[in-house]
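Student: Quick one: sequence and predicted model below, then my questions.
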Amino acid sequence: MRRLFLTLLLLLCAVALLRFGTLEATTAVRLSEQDMALQSDLIAVGVCQDVRTAWVGRELYTFATIEVNETLKGVRSRMVTVVVPGGIDAAHNPPIARIYPGAVTPAQGARVFLFLNEIPAMRPLRMANQENGALRLRSLAAARQFAIAGFSQGIFSVVGEPGRERVARNLSGLKLLSPTGVQEGGAESMPLQDFRDRIQSYLNER
């Protein structure tokens with residue numbers, strides 16, 4: 001329950017901050033690899049099959065549909081929906097863009113390693129960009145929906161050739177709060193197998 005509350009609080013804070021002013025960076029509590037492994041509801045590797053933006057109330061959210069290839073933790077699902085605050089509605093008059101510094105949306109076709117927390121299903125009112133989305137709206141509302149752990153700390157790109165794959169993430173635009181203070185997020189990369197092995201070891205220690 002506490003994890004769900006913190007996840008929703010992060011999303012709501014991002015919405016409120018954007019509504020009342022322009023953000024130079026988003027602040028999130030720093031999560032270690034072990035924190036993400038133990039606190040996430042779902043840890044999975046998959047490919048982003050679809051990215052759509054929709055209105056939920058008066059706010060824009062981006063919904064990324066992930067085809068799951070591997071599940072390290074949580075209930076196995078063939079497809080999950082990752083919800084990211086913000087998006088663009090180019091068909092609106094005038095066009096509207098909700099941009100949250102540090103937010104990361106998977107690109108269609110990208111392979112990703114995800115640490116996710118399940119959230120109550122959002123029910124989009126209409127699709128952005130003049131999409132004829134009645135069926136899409138119903139499918140988004142019916143899908144299991146997740147937020148990325150730690151705002152964007154829990155999403156890694158999987159890149160490279162088979163056997164030499166690496167995970168990478170870029171936390172630029174994110175300020176990370178820890179007991180020692182606030183630090184700017186940065187970029188990092190490491191071998192996929194080493195990363196997977198460490199995460200599995202944290203899970204085995206539970």
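Tutor: Cool, got the structure. Treat the numbers as computed from the prediction; the structure is a model and nothing was measured.
Student: Work out for me the element residue 138 sits within.
Tutor: Per DSSP states H and E: residue 138 is located in helix 134-142.
Student: avg pLDDT for that helix?
Tutor: In this model, helix 134-142 has a mean pLDDT of 67.
Student: Now do the contacts for residue 155.
Tutor: 82, 104, 106, 112-115, 148, 169 (Cβ atoms under 8 Å, 6 or more residues apart in numbering). Every C-beta, even on glycine, is put in place using the N, C-alpha and C of the backbone.
Student: what do you get if the cut-off is 6 Å, keeping everything else the same?
Tutor: 104, 112, 114, 148 (Cβ atoms under 6 Å, 6 or more residues apart in numbering).
Student: Residue 145 now?
Tutor: 81, 83, 119, 121.
Student: With adjacent residues omitted, what lies nearest to the last one?
Tutor: If I follow you right, that is residue 121. With sequence-adjacent residues excluded and distances taken as Cβ to Cβ, 6 or more residues apart in numbering, residue 121 is closest to residue 145, at 5.1 Å.
Student: Show me where this structure has its helices.
Tutor: Using DSSP state H, the helices of the chain run over residues 2-20, 33-39, 134-142, 192-204.
Student: what about the nearest residue to residue 106 once chain neighbours are set aside, how many residues close to it?
Tutor: Of all residues not flanking residue 106 in the chain, residue 48 sits nearest, at 3.9 Å (Cβ to Cβ, 6+ apart). Here the count is done by other Cβ atoms under 10 Å, and residue 48 has 19 residues near it.
Student: Identify the bridge partners of residue 48.
Tutor: residue 66 (DSSP bridges).
Student: Buried ones in stretch 178-195, by neighbour count?
Tutor: By neighbour count with 16 or more other Cβ atoms under 10 Å, stretch 178-195 contains the buried residues 185, 192, 195.
Student: Report the separation between the two terminal residues of it.
Tutor: Length of stretch 178-195, first residue to last, Cα to Cα, to the nearest Å: 22 Å.
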